[in-house]
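Student: No letters, just coordinates:
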């Protein structure tokens, strides 16, 4: 009888050690401010995804009084070195945030080794007790942007429109999130005009600015009148090419309309700063929800497009008269289920136990 009791006691003790969830907040253990790290594959300074993530962390640091650090990986770091950086960061911080494809995979493969560390996964879903994910139904916003771009590309009297019914999409890398966005954009464009073509180029890296410039130039030379900029650090030189050709652009992730007034048609919004802030707030207040995948979409304001007022002010009489009405109709159809868009993202990278 004593031996049975002893085995039961040992089992309970081991279960406590290895199966208990990650702490809700570092503050509960008397460690002081929550220590949060945002781990990036590429550098800051893109005026886009990375910078918006960092802004969300800066807001959290200011308003939630957490200790925050942004840790960009050295340029050109291979996967093994990036994984080592991830492990070192996971040992040092209470909450580690990742928001890019290689880091998503590294998180999936390593989270179980750091059960007392909380992780925030942004732009992908991973189910694990110490991971809270925020992902996006951004194909919905891309659909609206594609419809708007197609309507503008049919305006033969708009300066810069060559009338070949060609739109372009420039990606930094060929990853599921980009493919899902591109598919939504293409469907929206072809709804407006089945003859509208969407040509696609990949620069090869989100931090290769000159490669993006060259690919943007090729797309414009092939007749693209509107070019979606989804190449990270390459967006700025690609936009220079758009302006040189007198064409138009669509931004991604954050509001880019001010960068080239009149030449940015609209921007596809994903609000990465809000995703960062919400995960940090959950961890700091003891409401961190492991295994949860939060999906941001049109219905909850998690994705959208800008209202195009800068473009409209510059284009004046050349703006299609039914543009706003048509976009409102399409938005309603998405919200009520009349338009169903397929996501090409994996629903979750894994269902970890």
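Tutor: Thanks, I have it. Keep in mind that what you see is a predicted model, and the values were worked out from it rather than measured. Numbering: from 1, shown residues only.

Student: Show me the shaky parts of the protein.
Tutor: 1-31, 350-353 (pLDDT under 70).

Student: Please give me every residue in contact with the residue positioned nearest the centre of it.
Tutor: When the chain is reduced to its mean C-alpha position, the closest residue under Cα atoms, centre = their mean turns out to be residue 123, at 5.0 Å. By Cβ atoms under 8 Å, 6 or more residues apart in numbering, residue 123 lies in contact with 99, 100, 104, 134, 135, 136, 177, 270, 272. Heads up, the C-betas are built off the backbone N, CA and C, glycines and all.

Student: now the strands for the stretch 51-200 of the chain?
Tutor: Per DSSP state E, counting those that start in this stretch, the stretch 51-200 of the chain carries strands over the ranges 67-72, 95-98, 118-122, 131-136, 166-171, 197-202.

Student: got TSV for those, with distance to residue 308 and mean neighbour count too?
Tutor: Compiled in TSV, these are given as follows (distance: least, Cβ to Cβ, whole Å; neighbours: other Cβ atoms under 10 Å):
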stretch	distance to residue 308	mean neighbour count
strand 67-72	32	18
strand 95-98	31	28
strand 118-122	27	27
strand 131-136	21	27
strand 166-171	16	26
strand 197-202	19	19
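
Student: from the contacts of residue 123, which single one is nearest residue 87?
Tutor: Nearest to residue 87 among these is residue 104, at 15.4 Å by Cβ to Cβ.

Student: My guess is the closest one contacts residue 120. True?
Tutor: No - applying Cβ atoms under 8 Å as the test, residue 104 and residue 120 come out as separate, 11.3 Å apart.

Student: any common contacting residues for the two?
Tutor: residue 98.

Student: all helices of the protein, in order?
Tutor: Counting by DSSP state H, the chain has helices at residues 2-19, 49-64, 79-92, 101-110, 138-153, 176-192, 209-221, 235-245, 272-284, 309-315, 323-335.

Student: Of these, which stretch is the most buried?
Tutor: Scoring the helices of the chain by mean neighbour count under mean count of other Cβ atoms under 10 Å gives helix 138-153 as the most buried, with a mean of 27.

Student: Which other helices and strands does that helix contact?
Tutor: strand 166-171, helix 176-192, strand 226-230, strand 248-253, strand 264-269, strand 304-305, helix 323-335 (3 or more Cβ pairs under 8 Å, 6 or more residues apart in numbering; DSSP states H and E).
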